[in-house]
Structure formats: C-alpha cells, structure tokens
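Asks: what follows is a predicted structure for the sequence shown.
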Amino acid sequence: MTIHIGAAAGEIAETVLLPGDPYRAKWIAETFLTAPRLVNEVRGMLGYTGTWNGHAVTVHGSGMGMPSLSIYANELIRDYGAKTLIRVGSCGAMQDKVALRDIILAMAASTLSTPSRGILREIDFAPAANWQLLRGAADAAEARGATYHVGGIYSSDVFYDERPDLSEIMTRHGILGVEMEAAELYTLAARHGVRALAVLTVSDQLMTGEALSSADRERGFADMVEIALAAAFA
Ligand SMILES: O=P(O)(O)O[C@H]1O[C@H](CO)[C@@H](O)[C@H]1O
Ligand SMILES: O=c1cc[nH]c(=O)[nH]1
C-alpha cells in the first residue's frame, strides 16, 4: 500500500496499462481482462488486476497531465515492481493525414517541460518508447488492419493551449499528435530501467476541429487496448 495506491503487495501485475481516465480503466478491465479485481480506488483513481490470455495485467488510471501520471508511475514502478507500462490514451491529431480514431504509436515524446525538468535541468533529454514494445505494437496494428502512424508526439502541460504558434511549429516538425503524459512516462521508464510505450487513439482532429464524445473517449477505443495488450506480450 502506498499513499496513492491501496493495493496490497502482489496485487499489481508487472504489466500495467495506464489510461488517463479511471473509468476507461474500469471499461478496459471489464471488457478485456478475465476475472478483473478492483485493487485501488484511493481518490477515485481506479485500478484493476486480472489476466489476459493467461498473463497477469493491471489497468490503472494515471489521471490527466504529467504531475498526476508521475505519482502513479513512480509508485507502480518503485513500490509494486511494474516492469512494462503502456499508456492507452486519447490525443489530438496535428497532421492532416491523421484522422479521427486512427492509432498513433508514440516513438518519441517532445515536451516543453515535465516533472523531471528539475532533475534533467539543462539537458534536452529525448523521451523515447521501448523498441520491443513499439515493434510489437506496430505488428499488432498491422495484423488487425488498423490505420496507424508511428512517430513523434507532443506531451503538453495544458489542454487549452493559448499558444497557436507552438502547435504550428510542432506540426511543421512532423509531430503527429498532442497529449499530456507520455514524455514523463518515457523519462521515468528510462530512469528506472523499465519498458514504456504510449498507444494513442485520435479523439480530436486539431486541423479540422472534429472531436469525439466523452463516451467514445471512455469506452470506444478497443483497437488501442488490443494493440497494447498484444505488444506487452509479443
Ligand atoms: O484520454 P487520456 O488518456 O486522459 O489522454 C488525454 O486526454 C486528457 C485530456 O482530455 C489528457 O490526459 C490527455 O493526455
Ligand atoms: O486535443 C487533445 C486531445 C486529447 N488530449 C489532448 O491533450 N489534446
């Protein structure tokens, strides 16, 4: 048991899926896992452990933004021994070629700042995905016939961005999409020698203004979950 996670020792699996939304965690556990058990509800941040194809898996909400994700990822890695952490999140598309519901596999996550900024200070650290997971996810996406993109994303500290110039620069540098957690997840994984990946589904097309409903964001992204699970055990 930690300050933010009520699970007993041994109740968290080595493989953890991390959606931002705790209700997406509930949906994933109830839809994809066998015999899911609620292992955390401290602060309403739901976590479940069950099995997928015989493998132990935990699905745990990360909350929105890097400070929140940092709390859960630190405790999952340091206190519970998580070894593979895969973010399963929504994102906004920053390229015309990326459509609503497309999958983005985040090879690298650029950012203005993460909670690790105070540690890295003058270093422009390059937060990157684990290659084995990335390859497994690309293979799984290919096998499912999903429309997917592999490349760089932008992890922002804000959802409501008052700096359109930043989005323009990101788009011009080929960034596929924007979300709010992956850069810190990748940085923590590097620091602790564990594997991480972000598998994202496009919920907003920032170039056209199209957007999915909150119900879709909670329960509509099955491909992303199946790709993440397949990658974890590839
Ligand atoms: O859908 P999730 O996983 O929460 O991810 C995205 O959605 C939230 C903003 O609506 C941020 O957490 C962003 O990263
Ligand atoms: O536009 C979006 C959509 C999801 N998440 C974000 O951070 N931005």
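Replies: Ah, there it is. Ligands and ions are numbered 1, 2, ... in the order given.
Asks: pLDDT on stretch 135-155, on average?
Replies: If you average the pLDDT over stretch 135-155, you get 98.
Asks: whoops, stretch 208-215 was the one
Replies: According to the model, stretch 208-215 has a mean pLDDT of 97.
Asks: likewise stretch 227-234?
Replies: In this model, stretch 227-234 has a mean pLDDT of 98.
Asks: that one and ligand 1 in contact?
Replies: No: using Cβ under 6 Å from any ligand atom, we find that stretch 227-234 stays clear of ligand 1, coming within 11.9 Å at best. Every C-beta, even on glycine, is put in place using the N, C-alpha and C of the backbone.
Asks: for that stretch, which positions count as buried?
Replies: 227, 228, 229, 230, 231, 232 (16 or more other Cβ atoms under 10 Å).
Asks: and what of stretch 62-78?
Replies: Buried residues in stretch 62-78, defined by neighbour count with 16+ other Cβ under 10 Å: 62-63, 65-66, 68-77.
Asks: strands along this structure, start to end?
Replies: For the chain, the strands defined by DSSP state E occupy 15-18, 34-40, 47-52, 55-60, 84-93, 103-111, 148-155, 177-179, 195-205, 210-211.
Asks: I'd like these as CSV, with mean neighbour count appended.
Replies: Formatted as CSV, the strands of the chain follow (neighbours: other Cβ atoms under 10 Å):
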stretch, mean neighbour count
strand 15-18, 27
strand 34-40, 17
strand 47-52, 22
strand 55-60, 24
strand 84-93, 26
strand 103-111, 23
strand 148-155, 22
strand 177-179, 26
strand 195-205, 26
strand 210-211, 14
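Asks: got the residue ranges for the helices in this structure?
Replies: Chain-ordered helices for the chain, with DSSP state H as the definition, fall at 22-32, 66-78, 117-120, 131-144, 164-172, 182-192, 214-219, 222-232.
Asks: same question for stretch 7-26, mean pLDDT?
Replies: Mean pLDDT, stretch 7-26: 98.
Asks: quick one: that stretch to chain centroid distance?
Replies: 12 Å (Cα atoms, centre = their mean, to the nearest Å).
Asks: using CSV, list the CA coordinates for it.
Replies: The C-alpha trace of stretch 7-26 is given here as CSV (Å, rounded to 0.1, in the frame of the first residue of the first chain):
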residue,chain,number,x,y,z
ALA,A,7,-3.4,-2.4,-3.5
ALA,A,8,-1.7,-4.9,-1.2
ALA,A,9,1.8,-6.3,-2.1
GLY,A,10,1.4,-8.7,-5.0
GLU,A,11,-1.9,-7.2,-6.2
ILE,A,12,-0.3,-5.2,-9.0
ALA,A,13,1.0,-7.1,-12.1
GLU,A,14,4.3,-6.4,-13.8
THR,A,15,2.4,-5.3,-16.9
VAL,A,16,0.3,-2.2,-16.4
LEU,A,17,-1.9,-0.4,-18.9
LEU,A,18,-2.3,3.3,-18.0
PRO,A,19,-5.3,5.2,-19.3
GLY,A,20,-5.7,8.8,-18.2
ASP,A,21,-9.4,8.2,-17.3
PRO,A,22,-10.1,5.9,-14.4
TYR,A,23,-13.5,5.0,-16.0
ARG,A,24,-11.6,3.9,-19.1
ALA,A,25,-9.6,1.7,-16.7
LYS,A,26,-12.8,0.1,-15.5
